[in-house]
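Enquirer: Would you be able to build a 3D model of this:
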Amino acid sequence: MTADTLYGRFGSLKRIKGIDAVDGQIRRFETEWRELTMDAKVFAAEVKEMREQGILFLGVRSRRNYGMGKNLPHYPRDEYHIPYVCFLYRGQNLNEWEQVFELLKKKNASFDEIMIHFQVHFAMKDYFHRAGLLVFRLRQLYDMKVEIEAALAVSGFEKKMLPDRVRYNPIEEDLPGY
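Expert: Sure, this is the predicted structure:
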């Protein structure tokens, strides 16, 4: 049985990410991560401006977390990080909406003021989680790349020797989780 016959008989093999797709996905997620980081910097600056203008009642703290992984390369930290922005009250980070809401109630915040804080709070969470997801995906792709390179080395194969179906899949964008 040839590889082509096998692909014809077992359709799930057609839905496996090709080896060449790994580098393309890495470039895509690196670009998305860098763009998200730049957007998060603008968001953090705008949130601080809202605080300075009295629109927000609570202080704001910005930090950076960095993606780490055994096979993840070192990225310039200014362009690639996981933005962590939260409300601050008396030196304490407020990570939960319940904490923020209780303080807003004590300050007799109006419905609109609560909604502004609500939106900002969940925007803070959104930036953090989206960046974390991108780092997680990059970590997995780099791990996969190392595994592929090790398998090729053990087998004595070069990538160009592999059948096209193993190197790339023409419908990768249609794969679940691509």
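
Enquirer: I'd like the distance between the residue nearest the centre of the chain and Phe157.
Expert: Nearest residue to the geometric centre of the chain (Cα atoms, centre = their mean): Leu134, 2.1 Å. Distance, Leu134 to Phe157, using Cβ to Cβ, to the nearest Å: 31 Å. Glycine gets a C-beta too; all of them are placed from N, C-alpha and C.

Enquirer: Ok, Ile26 next?
Expert: Ile26 is 21 Å from Phe157, by Cβ to Cβ.

Enquirer: follow-up on the earlier one: give the contact list for the residue nearest to the centre of the chain.
Expert: 29, 32-33, 36 (Cβ atoms under 8 Å, 6 or more residues apart in numbering).

Enquirer: Quick one: buried ones out of those?
Expert: 29, 32-33, 36 (16 or more other Cβ atoms under 10 Å).

Enquirer: Include pLDDT and distance to Phe87 when you put the residues you listed into a markdown table, please.
Expert: As requested, the buried ones among the contacts of Leu134 are exported to a markdown table (pLDDT from 0 to 100; distance: Cβ to Cβ, whole Å):
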| residue | pLDDT | distance to Phe87 |
| --- | --- | --- |
| Phe29 | 93 | 29 |
| Glu32 | 94 | 27 |
| Trp33 | 93 | 25 |
| Leu36 | 94 | 21 |
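
Enquirer: quick one, strands of the protein?
Expert: 59-65, 82-89, 92-94 (DSSP state E).

Enquirer: least reliable of the ones you listed going by mean pLDDT?
Expert: Mean pLDDT across the strands of the chain is lowest at strand 59-65; the value there is a mean of 86.
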